[in-house]
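K.L.:
Test case, fold it:
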Amino acid sequence: MHYKNDSGLFALALRLVVGWTYFSAFWRRLFLANKLDPDAAGYIGEKFNHFLPNALGIKPIIEYLVTHPEALWWSMASFTIVEGIVGLFIMFGLFTRLMSFGVFSLAMGILLGSGWIGTTCLDEWQIGVLGVATGFVLFFTGSGKYSVDNLLLNRNHSITKTSWFAWLGSGELPIKAQLLPKIVLTGSLLILGLTLYTNQVFHGGVYGTLHNKSVKPKLELSNATITNNTLYFDVYRTEGVDVYGSFLIGLQVLDSNHRVVFELKGNDLANLPSEYIKNYYVAKVKPGAHSLIIPLGAKATLQLPLKESLPKNDHFTLKLTDISGLEWQQPF
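P.N.:
Sure, this is the predicted structure:
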């Protein structure tokens, strides 16, 4: 028995797997755990905040959302619903080509937002580029024998006779035979170019020195000053593991002779009053059990009353120490 060359049928496993990856996000956020609750641990908005420091191209959008909690919640809820619809429809093969555009768009968002995150196998980058390629492939294959689109076509449903069904559902695309290979080749090369470009930008994976911004925490210090016997400075966590905070166990101010003139240790930082910390985003700098916790993407202004007045004309250095032994300094 011979089968016709049904590319939609051959893409069935791809359709089912990518469909579940998107539908499962909807499933686990709403049914396995409530990840849309802004006050609950694991809130998806806080995870979204983790993307901010090194997002590519869409950083202004992310920053706007994480500084506007209500807009962030609606965006995360909408995003979750879209993932559920796209995933379910792709698995059932309903409006496959329209849903393939959804797969492509969602994967592009993952790639640009979080393609730099991944401690071992460049996790988010791989998910992003493979999702983009999958969406592109499924648009051209449509869905084959085992799909709702195919059921509608076999029954000659009125919807399949419309001019738009081939573009949004399945069936033969109304593209000239001599033009189709050129479109596929061009699109494939563009996606390959996107893959190589993002691999290089995020990880140095094409040439030069490999780097992984998820391996160890990095803090950026700025605007350090002493006013009215109070130390002010901004701290922003830009790198490191997204599921693990930076744990500050030491803060020192050194004078021009490198003598410690102000110091807070782990227990001091763990007991900082909340009014000393002004957070900018939904991922918050906050006291922990034995240290000050700074999640990935969190940014805050700290204002710390000094125990005694410091010379006004001296030059100082602010030094922060992480539990891992890493240190960050800013002269001021």
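K.L.:
Can you report how many residues lie near residue 60?
P.N.:
9 (other CB atoms under 10 Å). C-betas here are computed from N, CA, C, even on glycine.
K.L.:
The one 4 residues further on now?
P.N.:
Neighbourhood size, residue 64 [other CB under 10 Å]: 12.
K.L.:
can you tell me the helix or strand for it?
P.N.:
Element membership for residue 64 (DSSP states H and E) is helix 59-66.
K.L.:
Show me which residues of that helix are buried.
P.N.:
Going by neighbour count (16 or more other CB atoms under 10 Å), the buried part of helix 59-66 is 62-63, 65-66.
K.L.:
which element follows it toward the C-terminus?
P.N.:
Following helix 59-66 in sequence, per DSSP H and E, is helix 69-92.
K.L.:
Just the mean pLDDT for that next one, thanks.
P.N.:
For helix 69-92, mean pLDDT is 96.
K.L.:
For that helix, name the packing helices and strands.
P.N.:
Contacts defined by 3 or more CB pairs under 8 Å, 6 or more residues apart in numbering; DSSP states H and E place helix 69-92 against helix 12-27, helix 44-50, helix 59-66, helix 96-114.
K.L.:
can I get the ones you listed in JSON lines with distance to residue 88 and mean pLDDT?
P.N.:
As requested, the helices and strands packed on helix 69-92 are exported to JSON lines (distance: least, CB to CB, whole Å; pLDDT from 0 to 100):
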{"stretch": "helix 12-27", "distance to residue 88": "5", "mean pLDDT": "96"}
{"stretch": "helix 44-50", "distance to residue 88": "19", "mean pLDDT": "95"}
{"stretch": "helix 59-66", "distance to residue 88": "25", "mean pLDDT": "97"}
{"stretch": "helix 96-114", "distance to residue 88": "9", "mean pLDDT": "97"}
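K.L.:
mind putting those helices in JSON lines, distance to residue 273 included?
P.N.:
Listed next are these as JSON lines, based on distance: least, CB to CB, whole Å:
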{"stretch": "helix 12-27", "distance to residue 273": "38"}
{"stretch": "helix 44-50", "distance to residue 273": "22"}
{"stretch": "helix 59-66", "distance to residue 273": "24"}
{"stretch": "helix 96-114", "distance to residue 273": "33"}
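K.L.:
Domain map for the protein?
P.N.:
7-203, 218-331 (automatic domain parsing).
K.L.:
which residues in this protein form helices?
P.N.:
Applying DSSP state H to the chain gives helices spanning 7-10, 12-27, 44-50, 59-66, 69-92, 96-114, 123-141, 148-154, 165-168, 180-203, 266-270.
K.L.:
nearest to residue 232, of these?
P.N.:
Nearest of the helices of the chain to residue 232, taken as CB to CB: helix 266-270 at 16.1 Å.
K.L.:
Now do the buried residues in the closest one.
P.N.:
For helix 266-270, a neighbour-count test (16+ other CB under 10 Å) marks 266, 268-270 as buried.
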